[in-house]
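Visitor: Show me how the following folds:
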Amino acid sequence: MLISLIRRARLPERWQRRLQDWRRDLRGDLIRLVWLSVLAGFSLLALNRLPWSGTPGDLLSALAFVLAAMTLLSHALRRILLPRVQLGELALCAQREPLSAAIVFAAVLMFKACLLFAFVLLFIMPGHAAGLPAGLPANAYRNLPLVLSEQRALWPDHPAPSVLAAQIEQETCPALGSRQCWSEHAELKTAREHGVGLGQVTRTARFDTLADLKRQHGKLLAGWSWSRPYDARLQARALLLQDKRCYQPLSGVANAEERLAMALNCYNAGPGMLAISRSRCAAQTGCDPGRWFGHVERAEGPSRRAGYGQRSFYAISREYVSNIMLKRRPRYHFLDAPGSA
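Guide: So this is what the prediction gives:
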């Protein structure tokens, strides 16, 4: 049809040849687009149906879609910038002039690879996601926006999101450069306990935090189990539910900062142990049970006997709060600015 229209238009022969070349090129591009779309479609279906025990299928599907889109875009840019270079023709020319055709063929492939690499860098460069500043742990650029999304949904009036971020760093980061830092795959497994994820949800011979949370928040945590524990969104949701459960019942506390500190101790040592420490603080002269720092933190509570290595449960429960509130939190103070969370 296109050829007949060209002939009827009686265009100059030079223009007719050019239009025919464009028709041939577009036909090849459309065929490639169809095959790429079919391949991407099958990839999405397969990734959603396979029983992944780690990365969720929807995330893998998104990655497959982005890769397919970047591949298509790099091909389109190559056709725009190098319209006269045809890889098929180069392959035929290689039979006659192997060296020359091979050089051009390699140059075009290198050009396409550079375009694709540039697009990949555009999507994975730290700080690009959600406008986060530089200097955060690498996995935070993937998981912090997700955590903030859950915080806005479940606890929109959280007094200091920076504390939540610092808590995840404390739970997952043996070092800021560690692969486990801010990772949904962070895992601690010993003979005594098994902890997983952003909040290190834990089970031991005495308790199972994940099972307890599922009993209380079944709909919110549907699909989460010890056989499939690596869903970052559900991990963040569980952490927020636990923190909120510790924070809201607290009364007689001096201010929000002290209340957050006590909620962290509740998360780490349990609400019963926090109540014991506050009660013992109240029985001491000069100790204010409404203040954590310098008061309740110095009162008796967990055992002072060695628990993990040479550290006692008492020391661990106190360091947990101070590490989060005083050492790690400054890295995330930008989250407390109005409109940032």
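
Visitor: I'd assumed Pro161 was in contact with Asp336.
Guide: Yes. Using C-beta atoms under 8 Å, Asp336 makes contact with Pro161 at a distance of 6.4 Å. Where you see a C-beta, it was placed from the backbone N, CA and C, and this is true even at glycine.

Visitor: The two: who's more crowded?
Guide: Pro161 (22 against 16; other C-beta atoms under 10 Å).

Visitor: Student question: in the protein, what's the helix or strand with minimum average pLDDT?
Guide: The least trusted helix or strand in the chain, going by mean pLDDT, DSSP states H and E, turns out to be helix 2-9, with a mean of 52.

Visitor: Can you give me the neighbour number for Asn139?
Guide: 23.

Visitor: in terms of contact, does Ser225 touch Leu210 like I think?
Guide: Yes. The pair Ser225 / Leu210 is scored as a contact, 7.3 Å apart, by C-beta under 8 Å.

Visitor: Tell me which of these two has more neighbours.
Guide: Leu210 (22 against 13).

Visitor: give the contact list for Met325.
Guide: Residues in contact with Met325 (C-beta atoms under 8 Å, 6 or more residues apart in numbering) are 163, 166, 257, 260-261, 264.

Visitor: can we see that at 6 Å?
Guide: Ala261 (C-beta atoms under 6 Å, 6 or more residues apart in numbering).

Visitor: Report the separation between it and Thr204.
Guide: 26 Å (C-beta to C-beta, to the nearest Å).

Visitor: Tell me, please, where in this protein the pLDDT is lower than the cut-off.
Guide: Counting by pLDDT under 70, the ranges of the chain that qualify are 1-33, 35-37, 39-109, 111-130, 307-309, 339-341.

Visitor: all helices for it, in order.
Guide: In the chain, the segments counted as helices under DSSP state H are 2-9, 13-49, 57-81, 87-96, 98-124, 140-154, 161-172, 209-216, 232-247, 256-269, 271-282, 313-322.

Visitor: Going by neighbour count, list what's buried in stretch 317-333.
Guide: 317-318, 320-321, 323-325, 328-329, 331-332 (16 or more other C-beta atoms under 10 Å).

Visitor: what's the answer for stretch 151-164, then?
Guide: In stretch 151-164, residues buried by neighbour count (16+ other C-beta under 10 Å) are 151, 154-155, 158, 160-164.

Visitor: Tell me which two of these sit farthest apart.
Guide: For these, the farthest-apart pair by C-beta to C-beta is Leu154 and Ser162; their separation is 17.1 Å.

Visitor: Would you check how far apart Met333 and Ala160 are?
Guide: No Met there; residue 333 is His. According to C-beta to C-beta, His333 and Ala160 sit 9 Å apart.

Visitor: cool, and Ala222?
Guide: On the measure of C-beta to C-beta, Ala222 and Ala160 end up 29 Å apart.

Visitor: And for Tyr247?
Guide: For Tyr247 relative to Ala160 (C-beta to C-beta), the value is 11 Å.

Visitor: Check Leu213 too.
Guide: 23 Å.

Visitor: again, but for Asn268
Guide: Going from Asn268 to Ala160 by C-beta to C-beta gives 17 Å.
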